[in-house]
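Asks: Pasting the sequence and the predicted coordinates here, then a few questions.
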Amino acid sequence: MNRPAAFMGKSNRFLSAGIVGVVIALLLLSIVFGSWYTVDQGERGVKLRYGAIVGIAEPGLNFKVPFVDTVEHVSVQNQTILYDRLESYSKDQQPATLRISVSYRVPEARVEELYSQYGTIEKMVDRLISRKVPDEVKNVFGRYTAISAIQDRTKLGIDVNEGLKKSVLGPVAIDSVQVEDVTFSDAYEQSIEKRMMAEVEIQTKRQNLETERINAEITVTQAKAQADSALAKAQAEAEAIRVRGVAEADAIKARGEALKQNAQLIALTQAEKWNGVLPATMVPGGAVPFLNLKANTGNE
């Protein structure tokens, strides 16, 4: 009867020792594996000891005191938040609804400040950005008329971006602001469309008038060129006639001078033109052409 009781006592002691050994082994494993942690490249680790910040962990493998230190991960990558329905009024009192996206990030050097003041990025965004965006959009959009807000949307985004950067003071960097859409009332949209169509029509008419003016100038230029050509031709012909007239007059004058100097030249010219035939009829008392017969003296 005593042997089995002693055996059972030993078995219980072995079992207790095994359980203790397992607990110790698990504890050792927990200490070993719980002392190391990793931080991704796009994050920084806020290392806490009993809730107090004791350092910022860089990307890679890091060590912490087991059961004493904890690590909170904070993203330092660029993030975007969309504000879908922001209401505002333009300079000319036109109501509008805007959709704006804001890209931001937490600077690496200000991760500790972020955690100390806000705890998480979401809380920081809610308190710093989301509260400022509607007011800044109203301030900037109110400096634009409805037409200029549509035509200069890029500049509108730049102005909102600059305004947010100046008004948002804290552990965050505003990278960009995009005005993705501006919507006015249906009635105003229709009036804008009609106005744009009227402007296009006016511009088209101006272009047509300019084309007609250019064509008219071309026609005038061509007509002037033709007139100048005709005038030049007429002047050339007149000059040619004048030159011929001068030449003929000079020739006649020279001929007259020659005849004046030599009277026999007239008879010679007449003789050269005579065909040798005497006239069939003679006028009484008339002379025979080209014949100068001397009277007989009786010496023949």
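Replies: Thanks, I have the structure now. Residues are numbered from 1 along each chain as shown.
Asks: what mean pLDDT would you report for the helix or strand containing residue 191?
Replies: Secondary structure assignment for residue 191, by DSSP states H and E: helix 186-261. Helix 186-261 shows an average pLDDT of 80 in the prediction.
Asks: for that helix, packing partners?
Replies: With contacts defined as 3 or more Cβ pairs under 8 Å, 6 or more residues apart in numbering; DSSP states H and E, helix 186-261 has these neighbours: helix 146-151, helix 264-273. C-beta here means a position set from N, CA and C on the backbone, and glycine is covered the same way.
Asks: where among those is the average confidence lowest?
Replies: Ranked on mean pLDDT, the bottom entry among the helices and strands packed on helix 186-261 is helix 264-273, at a mean of 63.
Asks: gap between the helix holding residue 191 and the chain center?
Replies: 41 Å (Cα atoms, centre = their mean, to the nearest Å).
Asks: What of stretch 147-166?
Replies: Here stretch 147-166 is found 18 Å from its chain centre; the criterion is Cα atoms, centre = their mean.
Asks: same check, this time on stretch 79-97
Replies: On Cα atoms, centre = their mean, the centre of stretch 79-97 falls 26 Å from that of its chain.
Asks: buried set for that stretch?
Replies: When neighbours are counted by 16 or more other Cβ atoms under 10 Å, the buried residues of stretch 79-97 are found to be 83, 86, 88, 90, 94, 96.
Asks: Stretch 92-111 too?
Replies: Taking 16+ other Cβ under 10 Å as the basis for neighbour counts, the residues of stretch 92-111 that come out buried are 94, 96, 98, 100, 102, 104, 105, 106, 110, 111.
Asks: mind listing which of the buried residues of stretch 79-97 are in strands?
Replies: Within the buried residues of stretch 79-97, residues falling in strands by DSSP state E are 83, 86, 88, 96.
Asks: Quick one: those residues as TSV, columns for distance to residue 57 and pLDDT too.
Replies: Rendered in TSV, the data for those read as follows (distance: Cβ to Cβ, whole Å; pLDDT from 0 to 100):
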residue	distance to residue 57	pLDDT
83	33	95
86	38	93
88	43	93
96	46	93
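Asks: returning to what we had before: check the buried residues of stretch 92-111 against residue 254 and report the nearest one.
Replies: Checking the buried residues of stretch 92-111 against residue 254 by Cβ to Cβ gives residue 94 as the nearest, at 98.4 Å.
Asks: Now render the ones in strands among the buried residues of stretch 79-97 as a markdown table, adding distance to residue 131.
Replies: As requested, those are exported to a markdown table (distance: Cβ to Cβ, whole Å):
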| residue | distance to residue 131 |
| --- | --- |
| 83 | 11 |
| 86 | 13 |
| 88 | 16 |
| 96 | 21 |
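Asks: Nearest to residue 45 among those?
Replies: Distances from these to residue 45 were compared by Cβ to Cβ; the smallest belongs to residue 83, at 30.5 Å.
Asks: which residues touch the closest one?
Replies: Contacts were defined as Cβ atoms under 8 Å, 6 or more residues apart in numbering; by that measure residue 83 touches 98, 99, 100, 101, 102, 130, 133, 134.
Asks: Just the ones of these in strands?
Replies: Secondary structure from DSSP E places 98, 99, 100, 101, 102 of the contacts of residue 83 in strands.
Asks: Tell me the spacing between the second one and residue 118.
Replies: Relative to residue 118, residue 99 is positioned 26 Å away (criterion: Cβ to Cβ, to the nearest Å).
Asks: now swap in residue 112 and tell me
Replies: 12 Å.
Asks: Looking at those two now, which is surrounded by more residues?
Replies: residue 118 (18 against 15; other Cβ atoms under 10 Å).
Asks: Could you report the distance from residue 220 to residue 214?
Replies: Applying Cβ to Cβ, one obtains 11 Å for the distance of residue 220 from residue 214.
Asks: Buried residues, stretch 51-70. List them.
Replies: When neighbours are counted by 16+ other Cβ under 10 Å, the buried residues of stretch 51-70 are found to be 56, 57, 62, 64, 69.
Asks: residues making contact with that stretch?
Replies: 30-31, 34-50, 71, 111-112, 115-116.
Asks: For PyMOL, write the select line for the buried members of these.
Replies: To isolate in PyMOL the members of these that are buried, counting by 16+ other Cβ under 10 Å, one can use:
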select buried, resi 37+39+43+44+45+46+47+48+111+115
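Asks: ok, back up a step: out of the ones in strands among the buried residues of stretch 79-97, which is nearest to residue 168?
Replies: Here the nearest of these to residue 168, counting by Cβ to Cβ, is residue 83; it sits at 13.8 Å.
Asks: on that earlier part again, can you tell me which of the buried residues of stretch 51-70 end up in strands?
Replies: Among these, the members falling in strands are 56, 57, 62, 69 (criterion: DSSP E).
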